[in-house]
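Enquirer: any chance you could fold what I've pasted below:
(one chain, ligands or ions: 1)
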Amino acid sequence: MLDFIYKRRSIRKYGPDPVSDELITEMLKAAMAAPSARNARPWEFIVVRDAETRRALSRLKQGARMAADAPVVIAVLGDRGNRWMEQDCAAATENLLLAAANLGLGAVWVGLRDEHDAPVRELLGVPEKYRAFCLVPVGYPAEEKEPRTQYEKAKVHWGRW
Ligand SMILES: Cc1cc2nc3c(=O)[nH]c(=O)nc-3n(C[C@H](O)[C@H](O)[C@H](O)COP(=O)(O)O)c2cc1C
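Expert: Prediction:
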């Protein structure tokens with residue numbers, strides 16, 4: 001019943017086919033359908049196709065190497081002035097990933113730490129007001145992963161801890 005959630009897996013290998021603006025826009029519509037504290041929607045998105053820019057993003061850290069191979073990288077940015085920004089951007093990012101999986105695309109959440117903020121903003125021309133939250137490389141999947149939950153009964157505390 002909830003297969004549309006379980007089929008979202010981190011896809012780190014992509015085929016060479018480009019992803020259309022239409023499909024990327026569908027993903028972004030899903031992202032912006034996310035819940036947002038006081039409905040402030042403190043998120044911004046940059047769709048990066050340029051190969052040189054993607055290569056530079058891929059060099060930010062070990063876990064970002066897929067940015068060089070994916071035909072598109074979506075950068076998620078959040079307004080630093082909003083105290084719920086991280087939570088809102090996380091909800092939007094999960095929706096991006098759920099949309100990708102259900103549109104037949106593969107994607108992965110690449111988390112960014114404090115030290116990545118300035119380099120990402122520099123590369124993408126982002127004003128200081130926004131914090132680089134994460135990167136989402138997207139492409140047609142060149143690896144298959146089983147849909148799954150990782151349900152752990154012991155992590156659920158019914159009533160009280
Ligand atoms: C906040 C966050 C940061 C992540 N950062 C990375 C990353 O930098 N590189 C990467 O390859 N995967 C990254 N991931 C993906 C996780 O490794 C992945 O979700 C986890 O191994 C579970 O696998 P699944 O997504 O296929 O269910 C990140 C996930 C989250 C939620």
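Enquirer: please make it C-alpha for all contacts and neighbour counts, starting now.
Expert: Noted.
Enquirer: now residue 111. Its backbone dihedrals?
Expert: Torsion angles at residue 111 (phi, psi; degrees, to the nearest 10) stand at phi -70, psi 150.
Enquirer: which one is it nearest to, not counting chain neighbours?
Expert: In space, not counting the residues next to it along the chain, residue 111 is nearest to residue 134; the distance is 4.8 Å by Cα to Cα, 6 or more residues apart in numbering.
Enquirer: can you pull the contacts of residue 77?
Expert: 43-45, 89, 130-134 (Cα atoms under 8 Å, 6 or more residues apart in numbering).
Enquirer: looking at these, which is nearest the ligand?
Expert: residue 134 (7.7 Å; Cα to the nearest ligand atom).
Enquirer: dig out what that closest one forms beta bridges with.
Expert: residue 76, residue 111 (DSSP bridges).
Enquirer: the ligand versus the residue positioned nearest the centre of the chain, what's the distance?
Expert: The centroid of the chain falls nearest to residue 136 when counting by Cα atoms, centre = their mean (3.6 Å). Residue 136 sits at a distance of 9 Å from the ligand (criterion: Cα to the nearest ligand atom, to the nearest Å).
Enquirer: restricting to C-alpha, output the strand or helix carrying that residue in PDB.
Expert: Following DSSP states H and E, one finds residue 136 within strand 130-139. The C-alpha coordinates for strand 130-139 follow below in PDB (Å, rounded to 0.1, in the frame of the first residue of the first chain):
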ATOM      1  CA  TYR A 130      20.600  31.600   2.600                       C
ATOM      2  CA  ARG A 131      22.300  28.500   4.000                       C
ATOM      3  CA  ALA A 132      23.200  25.700   1.700                       C
ATOM      4  CA  PHE A 133      21.200  22.800   3.200                       C
ATOM      5  CA  CYS A 134      21.800  19.800   0.900                       C
ATOM      6  CA  LEU A 135      22.400  18.600  -2.600                       C
ATOM      7  CA  VAL A 136      20.300  16.100  -4.500                       C
ATOM      8  CA  PRO A 137      21.900  14.600  -7.500                       C
ATOM      9  CA  VAL A 138      19.200  13.200  -9.900                       C
ATOM     10  CA  GLY A 139      19.300  11.000 -13.000                       C
END
